[in-house]
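>>> Structure for the following, please:
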Amino acid sequence: MYAARRTSQSLLPLAPQLLAVRIVRLALVSAGPLCSRPDACLAEPQLSRFETKYYVLHTDLEPDGVREASIRVDRMGEEYHARTTPFAGTIESKLPVYLFRRADDYRAAGGPPGSAGVYTGQSLMAVAGDVAGPRTWEVLQHEGFHQFIHAVIGGDIPIWVNEGLAEYFSHAVFTGDGFETGLIPQPRLERVRRRIQEKEFKSIQEMMELQHGEWNHSLRAENYDQAWSMVHFLAHGDDGRYDAAFNGFLQAVSLQRITWQGAWLQHFGYADEFESRWREYWEGLPDNPTETRYAQATVATLTGFLARAASQRQTFKTVDEFFAAAQAGGLKSHASDWLPPALLQQAMAEHSALGTWSVERPNGAGLICVRSDGSRHVGRFQLRGSRVAGVEVRTTPGRK
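Model prediction:
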């Protein structure tokens, strides 16, 4: 379900001082409709309406901001669907998203004070600022999952699963053609280790039995950390050993309408057995355990821009030629394959520290990055006429 595949630009985790604000935002997921029609609650500004493949976007962003938001929400919806196929339905109608430039307008439309985004039970709302940045997209990816799970996944999904999965997707990195998921930001890893050592977390049994009302009533940063750590362990722990059982658990709850307690016993057994394995996993992880996935994201992003240039018959004899054109803003692209320049700038800022790069020969249909440990990331693309049909990164491990 959560195996690595494509990748993207690195999103930064929220700074610690913003954590309290974030908790307020995340906890309001099911607070009920704050404004059933946010656009009707506003005198100013007038939000323009844009239909994407899966969403209806209402926003006052500038044209390039609208283009980026449209691409991101559709890729986001596709990622949710791809990762939840075993236990989810389909998006049967386009989902509403409201992106505001000004926080005052967001609050006037019903956004809770002190929050940056919310899923009201009907609409996804977020503050983008004049130019949307990493925090905007992190908020959107978290709240967007709550919207998705409400629309296409039924059943009695426990609050720790709902919030844990939303946090999981909030850390996903956008590449332009997809997302890299399963990422562990180093500051959060350090926090989870410390909370385990200092016994700040609930027992697994207590966390599983936590009700939605209790979660919202007592907003605690450690609950989000613990829920995320549990979901991440189930998706990736012990080389993916529990992934199939996690899928089965969610399928039993969402499609078969089995109680989560019964579904958990059926697929995992008793909570105390799970707790010991979960604790050992997090205490045993090395620093920067998903460094390879972050690297894959950068390779995927740069390969996507190379693909766009190739689709317009722009080729490069050497990788230095490609990087020079990228640095100068000289890469071509079909209008319908446009990506935000900031995405390329971020990848360019990261690429030199990753390793040695080359253009794949003989036809230049990809990029190769060889890292100091001997691992290789090979990014390849497919074209359909003058359009990009897909981007993929394959990684060969180096020495341990």
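
>>> Show me the strands in the chain, by range?
For the chain, the strands defined by DSSP state E cover 48-51, 55-59, 95-100, 117-119, 124-127, 173-174, 179-180, 356-359, 366-370, 376-384, 387-396.

>>> Give me whichever of those strands is most buried.
Of all the strands of the chain, strand 179-180 carries the top mean neighbour count, a mean of 30, counting by mean count of other C-beta atoms under 10 Å. Every residue, glycine included, has its C-beta placed from N, CA and C.

>>> in its sheet, what does that strand sit against?
strand 173-174 (antiparallel) (DSSP bridges).

>>> Rounded mean pLDDT for the strand it pairs with, please.
Strand 173-174 comes out with an average pLDDT of 98.

>>> Stretch 219-226 now?
The model assigns stretch 219-226 a mean pLDDT of 92.

>>> residues of it that come out buried?
Of the residues in stretch 219-226, 223-226 count as buried by neighbour count, 16 or more other C-beta atoms under 10 Å.

>>> In helices, which of the residues you listed fall?
223-226 (DSSP state H).

>>> I'd like those residues written out as TSV, with distance to S358 added.
Below are these laid out as TSV (distance: C-beta to C-beta, whole Å):
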residue	distance to S358
N223	46
Y224	42
D225	40
Q226	43
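
>>> Make sure A132 is actually in contact with F100.
No: assessed by C-beta atoms under 8 Å, A132 is found out of contact with F100, at 10.6 Å.

>>> Find the residues that touch each one of those two.
The contact sets of A132 and F100 do not overlap (C-beta atoms under 8 Å, 6 or more residues apart in numbering).

>>> re earlier: any chance of the strands of the chain in a markdown table with distance to E79 as columns?
As requested, the strands of the chain are arranged in a markdown table below (distance: least, C-beta to C-beta, whole Å):
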| stretch | distance to E79 |
| --- | --- |
| strand 48-51 | 20 |
| strand 55-59 | 13 |
| strand 95-100 | 14 |
| strand 117-119 | 17 |
| strand 124-127 | 15 |
| strand 173-174 | 9 |
| strand 179-180 | 5 |
| strand 356-359 | 27 |
| strand 366-370 | 22 |
| strand 376-384 | 18 |
| strand 387-396 | 14 |
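
>>> For A300, which of those strands is the nearest?
strand 387-396 (4.8 Å; C-beta to C-beta).

>>> what's in contact with that closest one?
So strand 387-396 is in contact with 5-7, 175-178, 292, 296, 299-300, 303-304, 307-308, 311, 334, 336-337, 375-383, going by C-beta under 8 Å, 6+ apart.

>>> List only buried entries from these.
Neighbour-count burial (16+ other C-beta under 10 Å) applied to the contacts of strand 387-396 gives 5-7, 175-178, 292, 296, 299-300, 303-304, 307-308, 311, 337, 375-381.

>>> Now do P63 against F169, distance only.
To F169, P63 is 27 Å away according to C-beta to C-beta, to the nearest Å.

>>> So for these two, which residue has more residues nearby?
Set P63 next to F169 and count neighbours by other C-beta atoms under 10 Å: F169 wins out with 23 against 8.

>>> How about the contacts made by the more buried one?
If you count contacts by C-beta under 8 Å, 6+ apart, F169 has them with 76, 79-80, 141-142, 144-145, 181.

>>> these two touch, right, Q226 and M207?
Yes: counting by C-beta under 8 Å, M207 is a contact partner of Q226 at 5.8 Å.

>>> shared neighbours of those two, anything?
With C-beta under 8 Å, 6+ apart, Q226 and M207 have common neighbours 160, 201.

>>> Can you list the buried residues in stretch 155-172?
155, 157-172.

>>> Which residues does stretch 257-277 contact?
Against stretch 257-277 from outside (C-beta under 8 Å, 6+ apart): 154-158, 161, 203-205, 208, 233, 237-238, 242, 245-246, 248-249, 252-253, 256.

>>> for the stretch 101-250 of the chain, which spans come out with low pLDDT?
The stretch 101-250 of the chain contains no residues with pLDDT under 70.

>>> so what's S333 up against?
When contacts are counted by C-beta under 8 Å, 6+ apart, S333 touches 305, 308-309, 311-312, 339.

>>> circling back to that earlier point, and the ones in helices among the buried residues of stretch 219-226, which is closest to R72?
Among those, and counting by C-beta to C-beta, the member closest to R72 is Y224, at 22.6 Å.

>>> do you know how far that closest one is from M207?
11 Å.

>>> Same check on V378?
If you measure V378 against M207 using C-beta to C-beta, the figure is 40 Å.

>>> same check, this time on S123
Relative to M207, and taking C-beta to C-beta, S123 is found at 29 Å.

>>> before we move on, what about A295?
Taking C-beta to C-beta, one finds A295 at 33 Å from M207.

>>> For those two, indicate the residue with more neighbours.
A295 (24 against 21).

>>> wouldn't the more buried one be in contact with S372 here?
No: counting by C-beta under 8 Å, A295 sits too far from S372 to count as a contact (11.3 Å).

>>> give me phi/psi at A128?
Backbone geometry at A128, expressed as degrees, to the nearest 10, gives phi -100, psi -20.

>>> dump the residue contacts of it.
So A128 contacts 59, 61, 65, 69, 99-101, 136 (C-beta under 8 Å, 6+ apart).

>>> Make JSON lines from the residues you listed and add distance to A365 to it.
Below are the contacts of A128 laid out as JSON lines (distance: C-beta to C-beta, whole Å):
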{"residue": "T59", "distance to A365": "36"}
{"residue": "L61", "distance to A365": "35"}
{"residue": "G65", "distance to A365": "32"}
{"residue": "A69", "distance to A365": "30"}
{"residue": "L99", "distance to A365": "36"}
{"residue": "F100", "distance to A365": "41"}
{"residue": "R101", "distance to A365": "40"}
{"residue": "T136", "distance to A365": "34"}
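
>>> With T315 as the reference, measure out to the spatially closest residue to I91 that is not a sequence neighbour.
With C-beta to C-beta, 6 or more residues apart in numbering as the criterion, I91 has its nearest non-adjacent residue at 5.5 Å, and that residue is Y54. Computed as C-beta to C-beta, the Y54 to T315 distance reads 34 Å.

>>> the more surrounded of the two?
Using other C-beta under 10 Å as the criterion, Y54 and T315 rank with Y54 on top: 19 against 13.

>>> Count the neighbours of E275 for me.
16.

>>> and what of the one 4 residues further on?
R279: 16 surrounding residues under other C-beta under 10 Å.
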